[in-house]
Each structure stands twice: as C-alpha cells, then as structure tokens.
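S.K.: After the sequence you'll find the predicted model.
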Amino acid sequence: MNVYDSEVLKGILSKNGYSITDRPEKAELIIVNTCSVREHAEIRAIGRLNELSRYKLESPEVKLAVIGCMAQRLGERFLKEVPALDFVLGTEELFKLPDYLEKKEEKPLIALSFFELKEIDSSPLRKNKFSAFVAISRGCENFCSYCIVPYVRGPEKNRKVSEIIKEVQCLAESGCKEVSLIGQNVNSYKDDSNDFADLLREVSKTEIQRIRFMTSHPKDLSPKLIKAMSNLEKVCEHLHLPLQSGSDKILEKMNRKYSSEEYLRLVDLAKSKIENLSLTTDLIVGFPGEKDEDFQKTLEMVEKIEFDSAFMFKYSPREGTKAFLLEDDVPKEVKLERLQALIEIQKNISRKKNQRLIDTTEEVLIDGKSKRDKLKWKGKGRSNKTVIISDNKTDKDLLGEIVKVKIKEIDSFTLFGKVEEI
Ligand code: 5AD
Ligand code: SF4
C-alpha cells in the first residue's frame with residue numbers, strides 16, 4: 001500500500017508541474033514515505049531521514065518531508081527524532097502535499113487529519129508498466145491486537161466498483177497486463193450490494209489479462225470468493241492468507257477471530273476448489289505469552305499446510321495497540337531462535353513444493369532482467385513465484401510479454417526454466 005501511495009503522490013505532484021527524481025542531490029524537495037508496522041522499519045526511516053538532512057545543510061532551500069504511517073503515528077514527536085523536517089504528513093494528508101507546498105509556511109507543517117477520503121484525483125506514476133497495484137480499499141478496522149494499521153490508516157474506506165473498473169480498463173488500454181487489487185483486508189470489500197467476489201467478476205470483464213489480490217483475512221474469506229477464484233480464468237491461483245500463529249490461545253490474544261481448526265478447513269476448501277493453488281502466509285513469533293508449546297503448534301500448522309512461502313516476523317511491540325499493554329515476556333534470544341527455526345523449516349517446505357513444479361509449465365509475465373544475472377529475463381508466474389528464464393532466447397525483447405516457461409531447476413525462492421512458446 002505504501003508503494004502504491006508513493007506512486008499516487010508522484011502522479012499528483014507531476015500533474016501539478018513538479019518533476020520527479022530518484023536522486024536526492026538533485027531534489028528541491030525530498031520525500032520519505034514510511035511504514036510503522038514494526039519498530040525496525042521505523043528505526044531505519046529515522047536513520048535515512050537524518051542522513052538526508054545533510055542536503056538541507058548544504059542547500060537550506062531544500063525541503064524535507066516525511067509522509068505516511070509513521071508520520072501519522074508520531075506527528076510532532078517526529079521533530080525530536082529528525083529536527084530538519086519541514087513537513088510531517090499523515091496517511092491521508094499526504095495527498096494534499098502540492099497545496100501545502102504553495103502555502104510556503106515558515107515553521108514545520110504537521111497535518112494528520114483523516115478526511116472523508118473521496119476518489120483521489122490522480123494517475124499514479126508507476127515504475128512497472130505491465131503490472132500495477134490498484135487500491136480497492138484503504139484502512140482497516142479489524143484491530144488485531146499487535147497491529148498499528150487501524151490507528152494510522154483509520155477505518156476501512158472502499159472505493160466504488162465503477163472507479164476501480166475505470167482505472168483497470170485505462171491500465172489495460174495503456175498496455176498493462178496485470179493488476180494487483182490491494183487493501184488491508186480485501187475480503188471485507190463492499191460497494192452497495194457488491195462484495196469482493198462480485199468486484200473480481202467485474203474486473204475480469206475488462207481487457208486486463210491477469211488479476212491478483214492481497215491481503216485476505218481468514219475470517220472474511222468466503223466460499224463465494226473461493227468459487228469466484230476457481231471460475232474466473234484471469235484470477236491467478238494465489239492466495240495470501242496470513243495465519244499469524246498456530247496456537248488457538250495466541251490467536252485469541254491476537255484478536256484474529258478464527259481458530260487453527262477453522263483456518264485448516266478454509267485451506268482445505270480452497271485447495272480442493274482451486275487447482276494448483278499457491279498459498280502464502282504471514283507468521284509472527286514471540287507474541288506475549290507465547291510458550292514453547294504454542295510455538296510448536298505454529299510449526300505443526302506450517303508442516304501440515306505446506307505454504308508455498310511465508311513472511312515471518314518477530315513480534316514487535318507497537319505503542320497504542322492492545323498488545324502493547326501486555327508484557328513483552330518472550331526474551332529476545334528466544335524470539336530469534338524461534339524465528340530461525342521457523343525460517344529453516346519453511347525454507348525446506350518451499351523447496352519441496354517448488355521441486356514438484358519441475359517439468360511443469362508456468363505462465364510468466366516478464367518484468368525485467370534478473371538481478372543475479374543481468375543477461376537473463378525474469379518475471380512472475382501465476383503462483384506469484386519468481387521465474388528466471390535460463391535459456392538462450394534472451395536476445396528477444398520479452399519485457400511485458402506473458403510467456404510459457406517449462407521449469408527445469410528450482411531453489412527455495414525461485415524457479416528457473418526455458419521458454420516453451422511466445
Ligand atoms: N510485530 C510483528 N509483526 C507484525 N505484523 C503486523 N504487526 C506486527 C507487529 N507488531 C505483521 C503481520 C502482518 C504483516 C503485514 O506484518 O504478520 O500480517
Ligand atoms: Fe493489521 Fe489485522 Fe488489519 Fe491486517 S487485518 S492490517 S494485521 S489489524
């Protein structure tokens with residue numbers, strides 16, 4: 001969502017006559033968009049902002065802005081961390097940056113209000129021409145006890161089906177092949193009588209070729225949506241379904257509103273209805289009160305379900321959340337040990353699952369050259385796995401093409417294969 005917000009803001013700024021540069025030494029205004037989901041991200045943002053402050057020392061007319069979740073969370077307190085700031089704009093105020101730039105206030109400007117976010121008037125400036133994020137909703141009101149998002153992004157606001165369709169169709173006409181519909185909890189999407197499954201059906205009717213979405217909350221993943229996924233050809237067979245913990249005691253304390261048993265049932269249903277389903281998840285270790293037996297339950301679930309991949313995190317206490325009031329009683333070393341054990345187990349599962357894909361065919365949307373080997377094309381399969389093209393057809397410009405690739409080699413994170421047909 002932050003990446004998308006940055007693209008939206010770039011679109012708004014360029015519409016207002018500003019030109020965009022990635023090089024801070026050339027900029028008259030430096031903007032840092034921030035995440036506050038974990039403390040680590042915040043520490044890095046503060047470090048980066050203080051490092052960027054030197055451009056102001058060199059040329060005092062340069063302005064420095066911090067925007068997004070962390071700006072929303074800290075407000076004026078940000079000035080203590082980064083005294084050089086000129087603007088601190090929250091998650092919705094950030095879209096008004098051009099107005100604030102015209103006002104030329106002397107003192108640092110802090111704006112944090114949540115306004116009734118109407119349609120944001122912009123054409124996001126996207127780096128990737130062929131695969132685009134499209135926000136369908138913003139904010140979240142699930143209040144998982146560890147999570148800062150509901151506080152910094154406010155309650156859920158859904159865009160209208162018609163606006164989403166307009167944006168997707170416009171993208172398709174400009175050559176975009178794939179959209180990722182994003183929201184903190186896409187499954188609770190609603191516009192009049194339309195739910196998320198209805199939205200998927202409508203988006204499928206546009207000329208876009210592939211559709212993805214994230215993130216799904218298990219409590220709102222309906223059989224209707226699973227059916228829509230299996231029926232709609234354009235919707236990729238990938239579900240990102242955060243489990244967070246395998247222990248019912250911890251799930252309850254996290255306010256996740258499902259049990260491990262319910263989660264398993266959902267996964268079974270999804271796997272039985274959606275052929276070649278790729279299933280990914282988020283997991284947190286070391287939540288307050290997590291005993292070794294709770295962690296073992298997370299491992300058991302991970303081994304039973306066999307996720308294709310997982311984002312795995314150490315619990316990070318966030319001021320203002322319910323869990324912050326609980327004692328952070330799992331020692332740092334134990335959190336680290338659990339995280340390492342989990343990562344190791346998941347890595348082997350990912351490898352095992354990828355192994356099964358050898359000699360199968362993936363439909364890959366090529367998005368650039370491999371970082372490891374700049375001569376080779378790479379892209380994403382429908383499963384959302386990265387695929388590197390390892391044969392010698394690389395002289396052909398494949399950028400933005402959807403190609404069939406026969407998988408020949410794998411590791412835990414990547415598939416390697418040869419183009420079958422173009
Ligand atoms: N500590 C650790 N991980 C967190 N997440 C959200 N809040 C926290 C926190 N306080 C993780 C969850 C979520 C993902 C986006 O980040 O797993 O699904
Ligand atoms: Fe945070 Fe839970 Fe909302 Fe996800 S669903 S953004 S974890 S509160």
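M.R.: That came through, no problem. Ligands and ions are numbered 1, 2, ... in the order given.

S.K.: Pull up the residues of the stretch 101-250 of the chain that are close to ligand 1.
M.R.: Residues of the stretch 101-250 of the chain found near ligand 1 (C-beta under 6 Å from any ligand atom) are Y146, C147, P242, Q244. The C-beta positions use only the backbone N, C-alpha and C, and glycine is treated the same way.

S.K.: so what's whichever residue of the stretch 151-300 of the chain sits closest to ligand 1 up against?
M.R.: Distances between the stretch 151-300 of the chain and ligand 1 by C-beta to the nearest ligand atom are smallest at D282, namely 3.3 Å. The contact partners of D282, by C-beta atoms under 8 Å, 6 or more residues apart in numbering, come to H240, P242, L243, Q244, A310, F311, M312, F313.

S.K.: can you name the two of the residues of the stretch 101-250 of the chain next to ligand 1 that are farthest apart?
M.R.: Spanning the widest gap among these are Y146 and P242, at 11.6 Å by C-beta to C-beta.

S.K.: higher neighbour count, those two?
M.R.: Y146 (25 against 21; other C-beta atoms under 10 Å).

S.K.: Could you check how many residues crowd around the closest residue to the more buried one other than its chain neighbours?
M.R.: Spatially, and ignoring its direct neighbours in sequence, Y146 is nearest to A323 (4.4 Å; C-beta to C-beta, 6 or more residues apart in numbering). Other residues near A323 come to 20 when the count uses other C-beta under 10 Å.

S.K.: surely A323 meets S145?
M.R.: Yes. A323 lies in contact with S145 (C-beta atoms under 8 Å); the separation is 4.2 Å.

S.K.: Model confidence at R372, what's the number?
M.R.: Looking at R372, its pLDDT reads 82.

S.K.: now this structure, which segments are flagged as low pLDDT?
M.R.: Counting by pLDDT under 70, the low-confidence segments of the chain come to 116-118, 392-395, 421-422.

S.K.: From the contact counts, what lies against whichever strand or helix holds L266?
M.R.: Using DSSP states H and E, L266 sits in helix 260-273. In terms of contacts (3 or more C-beta pairs under 8 Å, 6 or more residues apart in numbering; DSSP states H and E), helix 260-273 is packed against helix 223-231, helix 248-253, strand 278-285, helix 292-305.

S.K.: Redo these as a markdown table? Include distance to S123.
M.R.: Listed next are these as a markdown table, based on distance: least, C-beta to C-beta, whole Å:
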| stretch | distance to S123 |
| --- | --- |
| helix 223-231 | 28 |
| helix 248-253 | 41 |
| strand 278-285 | 30 |
| helix 292-305 | 40 |
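
S.K.: winner for burial among those?
M.R.: With neighbours taken as mean count of other C-beta atoms under 10 Å, the helices and strands packed on helix 260-273 reach their highest mean count in strand 278-285, at a mean of 22.

S.K.: What separation do you get for the closest residue to E262 other than its chain neighbours and ligand 2?
M.R.: Distances taken as C-beta to C-beta, 6+ apart place P218 nearest to E262, at 7.2 Å, with adjacent residues excluded. From P218 across to ligand 2, the span is 10 Å (C-beta to the nearest ligand atom, to the nearest Å).

S.K.: count of residues packed around the closest residue to ligand 2 within the stretch 201-350 of the chain?
M.R.: Taking C-beta to the nearest ligand atom, ligand 2 has its nearest neighbour within the stretch 201-350 of the chain at H217, 5.1 Å off. If you count neighbours by other C-beta under 10 Å, H217 ends up with 19.

S.K.: Could you tell me which residues of the stretch 301-422 of the chain lie near ligand 1?
M.R.: So the stretch 301-422 of the chain meets ligand 1 at F313, Y315, S316, R318 (C-beta under 6 Å from any ligand atom).

S.K.: Mind telling me what element the third one is part of?
M.R.: Following DSSP H and E, there is no helix or strand that holds S316.

S.K.: now the helices for the chain?
M.R.: 2-15, 39-52, 54-58, 69-74, 78-81, 97-103, 149-153, 161-173, 196-204, 223-231, 248-253, 260-273, 292-305, 332-355 (DSSP state H).
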